[in-house]
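S.K.: need a 3D model of the following:
(4 chains)
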Number of protein chains: 2
Amino acid sequence: MKHNTKQRQAIIHCLSRARGPMSPYEIHELAAEEVEGLGIATVYRNLKLLAQEGKVKEFVLPGEGTRYEPAGLQHHHHFFCRGCDRVFCVEGCPRGFSSMIPEGFVLEDHEIVLYGQCQDCLDRRAV
Amino acid sequence: MKHNTKQRQAIIHCLSRARGPMSPYEIHELAAEEVEGLGIATVYRNLKLLAQEGKVKEFVLPGEGTRYEPAGLQHHHHFFCRGCDRVFCVEGCPRGFSSMIPEGFVLEDHEIVLYGQCQDCLDRRAV
DNA sequence: TAAAAATTGATAATATATTATCATCTTTTT
DNA sequence: AAAAAGATGATAATATATTATCAATTTTTA
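M.R.: Numbering: from 1, shown residues only, chains lettered A, B, ... in the order given. Below you'll find the model as predicted:
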């Protein structure tokens, strides 16, 4: 990948504007608005390469396919909206997991996923 | 499912002795020690039925297939050992997620996954 | 105990996300 | 501008976990 194609730019543009990690499908939908006729294979191809280059980070949610967010974001967690299946990055972290670790285990990392309803979905219902 | 077959009993027995949710594959391996010739389809079939009956609970880990644990356990989270890919239930919960929730969102649920090394894997290395 | 019903195990089928193929189109190099 | 290299889009292929099929076995019922 030596060309910085408009397809690749559109994909990066999507991710940098997103509020959270996006699925290849979501990226394809949105980036296709910028680049007419964008193929899903191109999305997968570029995401894989961007991940290898360390420019995007994979994020996998239980029971869902892989999503992607820009690399280099500071420590954060995620909120999954059950209304629209979108994922949002959220700031902060309660820490204090050490009391949860079983005797003799070593903690290397952690992941928190919050589940609920996003504002858009709540607004939609309230109408 | 009206019969409480030895296959089904073996599956339940596995789960009730486990330290955390098990994959169908793991269950099959272990339960086959109790029931000679146990088929993987039987494991899937019974897990699905047990889940429908509310006797076991599905647990999905990012990037991994579905696992199962007994239903009715108190609030807890999970530890994934990167050494052996096993999942362990852990007690406790830091709470305090409300400050993480974006404006206008509603929190319904949460899930914490700790990643690291279990004691067996650390012991194995130390030798 | 014979007949009916339920379950099993082996394996084929399915669903889904991702990857490979390849002709075509773009960009770069000469 | 011509040739070479790279990337794309459509679609076929792949991998994997799960489910369906069905003959054989086991359990239950009469």
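S.K.: strands of chain A, residue ranges please.
M.R.: A:56-60, A:66-70, A:77-81, A:87-90, A:106-117 (DSSP state E).
S.K.: which of the ones you listed sits closest to B:Cys93?
M.R.: Taking Cβ to Cβ, strand A:106-117 is the member of the strands of chain A nearest to B:Cys93, at 10.5 Å. In short, each C-beta sits where N, CA and C put it, glycine included.
S.K.: I'd say A:Val43 and A:Glu26 touch.
M.R.: No. Judged on Cβ atoms under 8 Å, A:Val43 makes no contact with A:Glu26 at a distance of 9.7 Å.
S.K.: ok, now which ones touch the closest residue to A:Ile101 other than its chain neighbours?
M.R.: Nearest non-adjacent residue to A:Ile101, counting by Cβ to Cβ, 6 or more residues apart in numbering or on different chains: A:Leu107, 5.3 Å away. The neighbours of A:Leu107, taking Cβ atoms under 8 Å, 6 or more residues apart in numbering or on different chains as the test, are A:Phe97, A:Ser98, A:Ile101, B:Leu114, B:Tyr115, B:Gly116.
S.K.: pull the most distant pair out of these.
M.R.: Longest span within the contacts of A:Leu107, Cβ to Cβ: A:Ser98 and B:Tyr115, 14.1 Å.
S.K.: settle it for me: which of these two has more neighbours?
M.R.: More crowded of A:Ser98 and B:Tyr115, by other Cβ atoms under 10 Å in any protein chain shown: B:Tyr115, with 15 against 9.
S.K.: and the nearest residue to A:Gly83 once chain neighbours are set aside, what does it touch?
M.R.: Closest residue to A:Gly83 apart from its sequence neighbours, by Cβ to Cβ, 6+ apart: A:Cys121 at 3.0 Å. Residues near A:Cys121 by Cβ under 8 Å, 6+ apart: A:Cys81, A:Gly83, A:Cys84.
S.K.: likewise A:Pro21?
M.R.: A:Pro21 makes contact with A:Phe59, A:Arg67, A:Tyr68, A:Glu69, A:His78, A:Val87, A:Cys89 under the criterion Cβ under 8 Å, 6+ apart.
S.K.: let's see 10 Å
M.R.: Residues in contact with A:Pro21 (Cβ atoms under 10 Å, 6 or more residues apart in numbering or on different chains) are A:15, A:27, A:56-61, A:64, A:66-70, A:73, A:78, A:86-89.
S.K.: give me the domain ranges for chain A.
M.R.: A:6-70, A:77-126 (automatic domain parsing).
S.K.: any chance of CSV for these, columns mean pLDDT and distance to B:Gly37?
M.R.: Shown next, in CSV, are the domains of chain A (pLDDT from 0 to 100; distance: least, Cβ to Cβ, whole Å):
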stretch, mean pLDDT, distance to B:Gly37
domain A:6-70, 95, 31
domain A:77-126, 95, 35
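S.K.: who in chain A is up against DNA strand C?
M.R.: Residues of chain A lying close to DNA strand C by Cβ under 7 Å from any atom of the strand are A:Lys2, A:His3, A:Thr5, A:Lys6, A:Ser23, A:Pro24, A:Ile40, A:Ala41, A:Tyr44, A:Lys48, A:Gly65, A:Thr66.
S.K.: helices along chain A, start to end?
M.R.: In chain A, helices defined by DSSP state H lie at A:6-17, A:24-34, A:40-52, A:119-126, listed in chain order.
S.K.: and the third one, is it in reach of DNA strand D?
M.R.: So the one you mean is helix A:40-52. Yes. Helix A:40-52 lies within reach of DNA strand D by Cβ under 7 Å from any atom of the strand, at A:Ile40, A:Ala41, A:Thr42, A:Arg45, A:Asn46.
S.K.: distance from the chain centre to that helix, please.
M.R.: Centre-to-centre, helix A:40-52 and its host chain are 14 Å apart (Cα atoms, centre = their mean, to the nearest Å).
S.K.: for that helix, packing partners?
M.R.: With contacts taken as 3 or more Cβ pairs under 10 Å, 6 or more residues apart in numbering or on different chains; DSSP states H and E, helix A:40-52 sits against helix A:6-17, helix A:24-34, strand A:56-60, strand A:66-70.
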